[in-house]
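J.: sequence-free structure coming up:
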């Protein structure tokens, strides 16, 4: 291997957040029927002459969606797919019987390569659950012992230290155990989204989740940042393991992006072994029923408006511009065991007109995301 291209490139000493900030490109953007339109300048906005970026309109999307749904429900197609999968499975089993030992010998003949020293990426892991139970237990115990007098939250206008939080729960660091934390998702959580969600609360207490596993808390996510950095250190030590960790953006406020980026930069939560994927829970129905927002367009604007702003002019939020260099995608999530009863048709209202308390169907989220 050439010295110019080492197997393990040296770690960068320069801060990952110190990057060039491009100048304002002068573009303008407006939301039209839930879709952001980009214009070269203000004059083009007045003339309604947006840049020609092709995208499927809602009518075409609904047409394609209905075609897919019809294919899924088609009996002959189901039979064909089943037989095809059976054929491929049998063919693979035949290949294994004929060539298993030959492939094993070929694997052993490759120098310096086995399962443990090839690059692997762990996906679909929320950052709040990327550490194992024992790691979280050790971290909480360490914080209680070393920072008992640190103010970690405000309850009913009264500040509480970490020691007071544990006293209010009738707990001590000595009492904590893996079984008491109960953060392991086992087979009992299958198709039980309520139980699965509860596993994110150490000792079943949402207050501990807020203190240790949230970015937007009284400490600006200090403890959460530290434990994520410990996980990152383990990944860097293992050399061949990478992770795609998920962070949540709820669409409740436009400030969520700014706060998330500030958390990452302030606590230097970064590793070349980790990339971020943004998880968007489908919570519009809850926001609407609690009068937090009037329509679905507000939800979309909270999710993507800040991204368009910082793309047009990165200087409005340099932290967010730097953070986005390590964001690789989005995922819309919810309780997947819930039946999908709502359908989309050509009479579906556009986002600014969707103000019903009923949650938009999953396909509606997918189109506008």
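T.: On my side now, so go ahead. Everything quoted here is computed from the prediction, not taken from an experiment.

J.: Now find how far off-centre stretch 280-290 is within its chain.
T.: The chain centre lies 17 Å from the centre of stretch 280-290; the measure is C-alpha atoms, centre = their mean, to the nearest Å.

J.: Against residue 128, how distant is residue 178?
T.: Noted for residue 178: a distance of 17 Å to residue 128, by C-beta to C-beta, to the nearest Å. For the C-beta atoms, the positions are set from N, CA and C on the backbone; glycine is no exception.

J.: Compare neighbour counts for these two and give me the winner.
T.: Per other C-beta atoms under 10 Å, whichever of residue 178 and residue 128 has more neighbours is residue 128, with 21 against 13.

J.: The more buried one: what's it in contact with?
T.: With contact set as C-beta atoms under 8 Å, 6 or more residues apart in numbering, residue 128 has these partners: 200, 209, 213-214, 224.

J.: ok, residue 122 touching residue 243?
T.: Yes - here residue 122 reaches residue 243: they are 4.7 Å apart, a contact under C-beta atoms under 8 Å.

J.: Neighbour count for these two, which is higher?
T.: Set residue 122 next to residue 243 and count neighbours by other C-beta under 10 Å: residue 243 wins out with 21 against 13.

J.: Was I right to think that one contacts residue 273?
T.: Yes - with contacts counted by C-beta under 8 Å, residue 243 reaches residue 273, the gap being 6.5 Å.

J.: Return the subset of the contacts of residue 128 lying in helices.
T.: Those of those mapping onto helices are 209, 224, per DSSP state H.

J.: JSON lines please, covering the contacts of residue 128 and showing neighbour count, distance to residue 91 and pLDDT.
T.: Listed next are the contacts of residue 128 as JSON lines, based on neighbours: other C-beta atoms under 10 Å; distance: C-beta to C-beta, whole Å; pLDDT from 0 to 100:
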{"residue": "200", "neighbour count": "14", "distance to residue 91": "42", "pLDDT": "78"}
{"residue": "209", "neighbour count": "19", "distance to residue 91": "48", "pLDDT": "88"}
{"residue": "213", "neighbour count": "23", "distance to residue 91": "46", "pLDDT": "91"}
{"residue": "214", "neighbour count": "18", "distance to residue 91": "49", "pLDDT": "91"}
{"residue": "224", "neighbour count": "24", "distance to residue 91": "48", "pLDDT": "94"}
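
J.: which of the contacts of residue 128 lies closest to residue 186?
T.: Closest to residue 186 out of the contacts of residue 128 is residue 200 (14.3 Å), distances taken as C-beta to C-beta.

J.: tell me, what's touching residue 243 and residue 273 both at once?
T.: Common neighbours of residue 243 and residue 273 (criterion: C-beta under 8 Å, 6+ apart): residue 235.

J.: Name the helix or strand for residue 311, please.
T.: Of the helices and strands defined by DSSP states H and E, residue 311 is found in helix 296-312.

J.: what's the following helix or strand after that helix?
T.: helix 318-323.

J.: Show me how far that next one is from its chain's centre.
T.: Relative to its parent chain, helix 318-323 has a centroid offset of 17 Å by C-alpha atoms, centre = their mean.

J.: So which residues of the protein form helices?
T.: Assignment of helices within the chain using DSSP H yields the ranges 42-47, 58-73, 75-109, 133-146, 162-168, 178-181, 193-198, 206-212, 222-238, 255-266, 284-289, 296-312, 318-323, 362-368.

J.: other SSEs contacting the fourth one?
T.: For helix 133-146, the packing partners by 3 or more C-beta pairs under 8 Å, 6 or more residues apart in numbering; DSSP states H and E come out as helix 162-168, helix 178-181, helix 206-212, helix 222-238.

J.: Quick check: which of these is nearest to residue 72?
T.: Residue 72 lies closest to helix 206-212 among the helices and strands packed on helix 133-146, at 37.7 Å (C-beta to C-beta).

J.: So which elements touch that closest one?
T.: Using 3+ C-beta pairs under 8 Å, 6+ apart, the elements in contact with helix 206-212 are helix 133-146, strand 151-155, helix 162-168, helix 222-238.

J.: Give the residue spans of the stretch 1-150 of the chain that score low on pLDDT.
T.: Low-confidence segments of the stretch 1-150 of the chain, defined by pLDDT under 70: 1-13.

J.: Next, work out how far apart the closest residue in space to residue 365 that isn't next to it in sequence and residue 320 are.
T.: The shortest distance from residue 365 to any non-neighbouring residue, by C-beta to C-beta, 6 or more residues apart in numbering, is to residue 332 (4.9 Å). Distance of residue 332 to residue 320, computed by C-beta to C-beta: 21 Å.

J.: now do residue 21
T.: According to C-beta to C-beta, residue 21 stands 11 Å off from residue 320.

J.: Same check on residue 214?
T.: Residue 214 sits 19 Å away from residue 320, going by C-beta to C-beta.

J.: Kindly report the same for residue 18.
T.: Here residue 18 is placed at a distance of 15 Å from residue 320 (C-beta to C-beta).

J.: Of these two, which one has the most company?
T.: residue 320 (23 against 9).

J.: check contacts around that one.
T.: Residues near residue 320 by C-beta under 8 Å, 6+ apart: 257-258, 261, 306, 310.

J.: And it, how far from residue 260?
T.: Note on residue 320: its distance to residue 260, by C-beta to C-beta, is 8 Å.

J.: Could you do residue 198 as well?
T.: With C-beta to C-beta as the criterion, residue 198 and residue 260 are 24 Å apart.

J.: Between these two, which is the more surrounded one?
T.: Set residue 198 next to residue 260 and count neighbours by other C-beta under 10 Å: residue 260 wins out with 22 against 16.

J.: my guess is the more buried one contacts residue 247, does it?
T.: Yes - using C-beta under 8 Å as the test, residue 260 is close enough to residue 247 to be in contact (6.3 Å).
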